[in-house]
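Novice: Quick one: sequence plus predicted model below, questions after.
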Amino acid sequence: MTSAAFDEALLLQELELAALEAGREIMRIYAAGCAVLAKADQSPVTEADQAAERLILQRLRAFAPDIPIIAEEEMAAGLSPQELGSRFFLVDPLDGTKEFIGRNGDFTVNIALIENGVPVLGVVYAPVGGRLYLGGSSGAVKVLIDDEGQEHSRASIHVRQAPARLIAVASRSHNTPETDACLKNYSIETCVSVGSSLKFCLLAEGQADLYPRFSRTMEWDTAAGDAVLRASGGLSTTLDGKPMLYGKRGQADDCDFANGFFIARGCASLDKAQPPHG
């Protein structure tokens, strides 16, 4: 498939297959155990991150050779396309490496297609528990995968109408005082700590309502989950209320593909109270 010949259904199916294949490899390594190394920025990386990325890139480049790819481990190795154009992939082969190392199950495979800065397709796969989330122009879907790797069920998902008291989700590994301050602007019933892009997916399937993020993320961390959330009727905005954009290069205050702080909401009608900036 070329960049000009874009068939959403076929491409989303390919992203799904790539995520499932990567998930199987991750689980093989998860069961066997592996060494933990440190990247240049001192963030952890494992054999599972690297093996999953190789499988995803091989499949994407065979299927859509004209679409550039920004992938986390290639970026860490200094490999980045010179030109992105209007359409490119963002890949995080193992989002939640700390959760993988800690063996709590909250890690995912993230693959997204960006078009003109917007995440238009997204696949998030959590191999522990067999939860696969898909998002595109026709809506969002949750697929359950059984222990044999076969599809058990597939159903459309939607955000819920905001209740009087909200359920918030926050990062398991990167919570901050600013997050707590933001939540004071809302009527919160409970705040659940969850790792990886599963936070977006809980909003997308109506299990939570609000996800404020006041610590650093990269675009490959958020794009796939953001695509699923948008497809389900939610939204993710910067602190000034503008939709999150992808493909950010040449930023004066941060490196390429770094996100600013953001708030993801499960319902567009949810009160957009602005959090403190201090």
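Specialist: Yep, it's here.
Novice: now the farthest one out in the chain, which residue is it?
Specialist: Ranking residues of the chain by C-alpha distance from their mean position (Cα atoms, centre = their mean) puts A164 at the top, at 27.5 Å.
Novice: got a pLDDT number for that one?
Specialist: In this prediction, A164 carries a pLDDT score of 91.
Novice: Next up, the contacts around it.
Specialist: Applying Cβ atoms under 8 Å, 6 or more residues apart in numbering, we find A164 in contact with S187. Glycine gets a C-beta too; all of them are placed from N, C-alpha and C.
Novice: Start at 50, not 1
Specialist: Yes, from this point I'll number from 50; that puts the last item at A213.
Novice: check which helix or strand covers it.
Specialist: For A213, there is no host helix or strand (DSSP states H and E).
Novice: ditto for C83
Specialist: Per DSSP H and E: C83 is located in neither a helix nor a strand.
Novice: Roughly how far does the spatially closest residue to it that is not a sequence neighbour sit from V85?
Specialist: Excluding the flanking residues, the one nearest C83 by Cβ to Cβ, 6 or more residues apart in numbering is E96, at 4.3 Å. Separation of E96 from V85 (Cβ to Cβ, to the nearest Å): 9 Å.
Novice: Mind checking which of the two has more residues around it?
Specialist: Higher neighbour count among E96 and V85: E96, with 16 against 12, using other Cβ atoms under 10 Å.
Novice: residue boundaries of the strands in the stretch 100-249 of the chain?
Specialist: Counting by DSSP state E, counting those that start in this stretch, residue ranges of the strands within the stretch 100-249 of the chain are 118-120, 136-144, 157-164, 167-175, 180-185, 188-194, 200-206, 215-220, 237-243.
Novice: Which one of those strands lies nearest to R103?
Specialist: Closest approach to R103 among the strands of the stretch 100-249 of the chain (Cβ to Cβ): strand 136-144, 8.3 Å.
Novice: Which positions in the helix or strand harbouring I78 come out as buried?
Specialist: In this assignment (DSSP H and E), I78 forms part of helix 57-81. Neighbour counts over helix 57-81 (16 or more other Cβ atoms under 10 Å) mark 60-61, 63-65, 67-72, 74-75, 78-79 as buried.
Novice: where does the chain dip in pLDDT?
Specialist: Within the chain, the ranges that satisfy pLDDT under 70 run 50-54, 317-327.
Novice: can you rerun that using 90?
Specialist: The chain contains residues with pLDDT under 90 at 50-55, 82, 84-93, 147, 196-198, 211, 220-225, 244, 316-327.
Novice: which residue sits closest to L294, ignoring its sequence neighbours?
Specialist: Leaving aside its sequence neighbours, L294 sits nearest to G166 (Cβ to Cβ, 6+ apart; 4.1 Å).
Novice: how about the one you found, what does it touch?
Specialist: For G166, the contact set (Cβ under 8 Å, 6+ apart) comprises 294-296.
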